[in-house]
Every structure is written in C-alpha cells, then in structure tokens.
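Trainee: Sequence and predicted model, in that order:
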Amino acid sequence: MPIVAHNDLPALQRLREAGTTIVLPEQRALHQDIRELHIGLLNMMPDAALEATERQFFRLVGESNPIAQFYVHPFTLDAIPRGAKAADHIARYYEPFAKIRAEGLDALIITGANVTGEDLSKEPFWQPLGEVIDWAWANVTTTLLSCLATHAVLHFRYRQPRVKQASKRWGVFSHRVVDQRHPLVADVNTRFDVPHSRWNDVSRAQFEAAGLRVLVESEAVGVHLATSHDGIRMVFFQGHPEYDTISLLKEYKRDALLHAQGALPAFPPFPEHYLRPHEQAILLEWRDRLLAARAAGQPAPEFPEALIAAHLDNTWHDTAEAVIGNWMGCMYQLTHRDRDKPFMDGIDPDDPFGLYRAKG
C-alpha cells in the first residue's frame with residue numbers, strides 16, 4: 001500500500017516521479033480495514049547523502065505489501081553538525097524528536113552516520129542517539145538499524161564495540177540465510193547479494209555473545225542481518241540493502257576526489273563484485289587523468305558516471321524489498337490500533353512469533 005504524503009518533503013515527489021505510489025492525505029483509503037502505520041526515519045547521514053537516504057528507505061517502505069497506509073516521519077539529531085543547505089532542508093521538512101516521542105511510532109529506521117574516530121561513544125551524537133534507542137526499545141514495536149547504527153547499538157546496549165578491519169569491506173557480496181524459520185526471511189532466496197561499505201565489523205561471535213539472533217551472513221564479510229533476542233524489537237543490518245545501483249559508484253567518486261585533494265592517503269580500490277573489467281578500465285583511465293590534473297594544478301576531469309552506470313547490475317534490490325516487506329508485515333501483525341495499550345499487549349515480548357520456545 002502507498003505512502004501518504006502528509007508533508008511536502010521533496011523525496012516523496014521524486015519517488016512519485018520514479019513510479020512509487022504516493023497519495024495525498026485526501027486520497028487515502030478510509031475503509032476501516034485499512035490501517036495507518038507511522039514509520040520514523042532517524043536520518044543521521046552526512047549532508048551530501050541526506051536526501052538520497054530518505055528516498056532509498058522510503059522507497060523500500062512504499063514497496064512493501066501489508067494492507068496499510070504509511071506515514072513517514074523524518075527526524076535527526078541536533079548534535080550532528082550541518083551545513084546551511086542541509087539545515088534548511090531539516091528545518092522545513094523534518095519533525096522534532098519531542099513531537100515524534102509524544103505522538104508515537106509503529107516502527108523506526110535509524111541510518112548510519114559520518115564519524116570522526118573509532119570510538120563511537122566519543123561522537124557528538126552518542127548521548128542523544130542513546131535516548132532515542134532507549135525510548136524506541138520501550139515504545140516502538142520494531143526498530144531497524146542500518147550499518148553504523150547497528151554498531152552504535154551493539155556498543156551502547158550490548159557492550160560489544162565494533163572492530164576496525166585491515167581493509168575496507170566494500171562491494172557487493174553473496175550472503176546465505178542461516179535461520180530460515182524467522183518471518184523476516186520468509187520466501188526470501190536462501191542466497192542473495194547485499195552491498196557493504198564499512199571499515200569496521202561486529203563479528204558473529206559478538207552478536208551471539210550479546211544474545212542476538214543471526215539470520216543472514218556472508219563468508220566474505222560476516223553478519224548482515226540479525227535481531228534482538230525476541231526476534232523483532234531490534235533488527236540489525238551491517239550491509240546496505242537500501243543502496244541504489246549507483247551508490248557504490250558515487251562513493252568511489254567521492255573517495256577518489258578526496259584522495260586527489262590530499263584528504264585520503266590512497267586512491268580507493270574498486271568495490272568488489274561490482275564493476276566489470278571494461279568499466280574498471282574506464283575508471284583507471286579517469287584516475288590517470290585526475291592525478292595528472294592534480295599535479296598540474298588543473299580542475300578534475302569529469303567523472304564518467306554515465307558511461308559506467310549504464311552497465312551496472314543491481315543484484316540485491318528485490319531481496320531488500322522482500323525483507324523490508326516482511327519486516328513491515330511483522331510490525332503490522334504486532335502493532336495495536338490503540339496506542340494507549342502497553343507495548344505488544346498480550347504478546348510474549350521475548351518470543352512474539354513462537355520461534356524459540358522449544359529452546360527455552
């Protein structure tokens with residue numbers, strides 16, 4: 001069912017133009033069996049990725065299948081520094097956390113963030129993020145955590161800090177479902193691809209030491225999908241199934257230009273399992289021209305995005321859509337119409353789907 005455009009967020013208009021079903025409030029279904037579900041997006045991404053992240057997650061929400069209409073509520077943390085353009089966008093289109101906390105949510109998505117050091121507890125967003133996480137644990141049916149947000153919660157709630165890797169885990173990697181009982185992976189391919197882009201990792205041993213349940217992992221890059229002990233209250237992604245086809249290409253361009261400006265010590269390697277040899281050759285030629293321009297004090301040559309993008313394959317979106325659809329279905333099943341009732345009233349909070357009772 002569609003997303004309801006209850007505000008004039010530009011991301012909703014761009015999704016409508018791209019074919020996602022977006023309806024105006026006066027067009028929403030009024031039949032009593034059509035439920036309103038309110039989804040929060042705590043967007044902690046840096047300015048350049050702020051609006052793209054909105055579109056990526058809202059598209060996945062809008063493509064899910066429960067019989068419901070979705071109201072999306074973006075917000076962020078005041079502690080995250082912003083430039084003037086992003087600050088204006090946030091002031092115009094985002095909601096204060098105090099309003100969201102007062103009105104409540106059925107589900108919450110928390111994105112990654114830009115960090116300046118290895119210790120997340122020293123980041124300016126650490127304390128306010130912890131307040132959101134504590135509130136969500138007690139008041140939101142289910143919270144989906146993306147990449148760095150997963151690392152923050154593993155550190156904040158479970159005392160399992162992430163570990164810096166020798167090299168960046170970057171590319172599109174094959175994953176395998178390791179717990180097929182869980183409704184999050186119902187009718188999902190047992191093996192599928194997921195993009196990753198991270199220097200740090202939380203290992204399977206750390207997830208299990210925290211009492212969490214691993215559902216999907218990769219031999220190459222470790223755990224992708226896991227849940228809190230109850231199976232739904234917290235859902236953890238280490239990868240980026242929300243990524244657009246060109247997201248990794250744009251990250252490559254960003255890092256290449258940062259290296260040319262002296263901000264990164266080395267030119268980025270190619271993302272694994274993403275570019276064919278022909279496209280790699282185009283980028284190598286661009287790299288040589290970029291470095292020559294830098295040495296000569298000339299502007300950077302135009303990045304050959306159009307030449308590359310036309311030949312990129314997306315091998316993850318269908319599965320991402322299916323998993324998010326399952327997540328929305330789980331939330332729909334567990335969420336009450338009456339917001340005054342206790343959290344998941346009448347449902348076993350430690351095993352709402354009855355998956356783990358046999359194990360005690």
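Mentor: Structure received. Note that the coordinates shown come from a computational prediction; the quantities given were computed from them, not determined experimentally. Residues are numbered from 1 along each chain as shown.
Trainee: can you pull the pLDDT of residue 5?
Mentor: pLDDT recorded at residue 5 is 61.
Trainee: and if you look at residue 41?
Mentor: pLDDT at residue 41 comes out at 97.
Trainee: I'd assumed it was in a helix, is it?
Mentor: No. The assignment for residue 41, made by DSSP: H, G, I helix; E, B strand; the rest coil, is strand rather than a helix.
Trainee: That one reaches residue 72, doesn't it?
Mentor: Yes. Between residue 41 and residue 72 a contact is recorded at 6.3 Å, counting by C-beta atoms under 8 Å. The C-beta positions use only the backbone N, C-alpha and C, and glycine is treated the same way.
Trainee: residues shared between the contacts of those two?
Mentor: Common neighbours of residue 41 and residue 72 (criterion: C-beta atoms under 8 Å, 6 or more residues apart in numbering): residue 58.
Trainee: pLDDT below threshold where in the chain?
Mentor: Confidence mapping of the chain against pLDDT under 70 gives the ranges 1-6, 11-13, 15-34, 65-67, 336-347, 357-360.
Trainee: Tell me which residue is most central in it.
Mentor: Geometric centre of the chain, nearest residue: residue 146, 3.9 Å, by C-alpha atoms, centre = their mean.
Trainee: and that residue, backbone torsions?
Mentor: Comment: the main-chain dihedrals of residue 146 come out as phi -110, psi 120, following degrees, to the nearest 10.
Trainee: what's the distance between it and residue 190?
Mentor: From residue 146 over to residue 190 the distance is 23 Å, taken as C-beta to C-beta, to the nearest Å.
Trainee: Which strand residues bridge the residue nearest to the centre of the chain?
Mentor: Partner residues in beta bridges with residue 146, using DSSP bridges, are residue 237.
Trainee: can I assume it is in contact with residue 109?
Mentor: Yes. Contact criterion C-beta under 8 Å: residue 146 and residue 109 qualify, at 7.0 Å.
Trainee: Pull out the buried positions in the lengthiest strand in the chain.
Mentor: Secondary structure of the chain read by DSSP state E shows that its longest strand is strand 163-177. If you call a residue buried by 16 or more other C-beta atoms under 10 Å, then strand 163-177 has these buried ones: 168, 169, 170, 171, 172, 173, 175, 177.
Trainee: ok, of the residues you listed, which one's closest to residue 141?
Mentor: Comparing those against residue 141 with C-beta to C-beta places residue 177 closest, at 23.1 Å.
Trainee: distance of the closest one from residue 189?
Mentor: Counting by C-beta to C-beta, the separation of residue 177 from residue 189 is 8 Å.
Trainee: and the gap between the residue nearest to the centre of the chain and residue 354?
Mentor: 28 Å.
Trainee: do residue 176 as well
Mentor: For residue 176, the distance to residue 354 (C-beta to C-beta) stands at 24 Å.
Trainee: in the stretch 101-250 of the chain, which spans are strands?
Mentor: For the stretch 101-250 of the chain, the strands defined by DSSP state E, counting those that start in this stretch occupy 107-113, 142-146, 163-177, 191-201, 213-218, 222-227, 234-237.
Trainee: And the ones you listed: which comes nearest residue 294?
Mentor: Short answer: strand 163-177, nearest of these by C-beta to C-beta, at 22.2 Å.
Trainee: Could I get the CA-only coordinates of that closest one as CSV?
Mentor: Backbone C-alpha positions of strand 163-177 (Å, rounded to 0.1, in the frame of the first residue of the first chain) are rendered in CSV as follows:
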residue,chain,number,x,y,z
VAL,A,163,36.4,-3.7,15.5
LYS,A,164,38.5,-1.9,12.8
GLN,A,165,39.4,-4.1,9.9
ALA,A,166,42.7,-4.2,8.0
SER,A,167,40.9,-3.1,4.8
LYS,A,168,37.6,-1.7,3.9
ARG,A,169,34.7,-4.1,3.3
TRP,A,170,33.4,-2.6,0.1
GLY,A,171,31.4,-4.1,-2.7
VAL,A,172,28.5,-6.5,-3.4
PHE,A,173,28.8,-9.8,-1.6
SER,A,174,26.9,-13.1,-1.5
HIS,A,175,25.0,-14.0,1.7
ARG,A,176,23.2,-17.0,3.0
VAL,A,177,20.1,-17.3,5.2
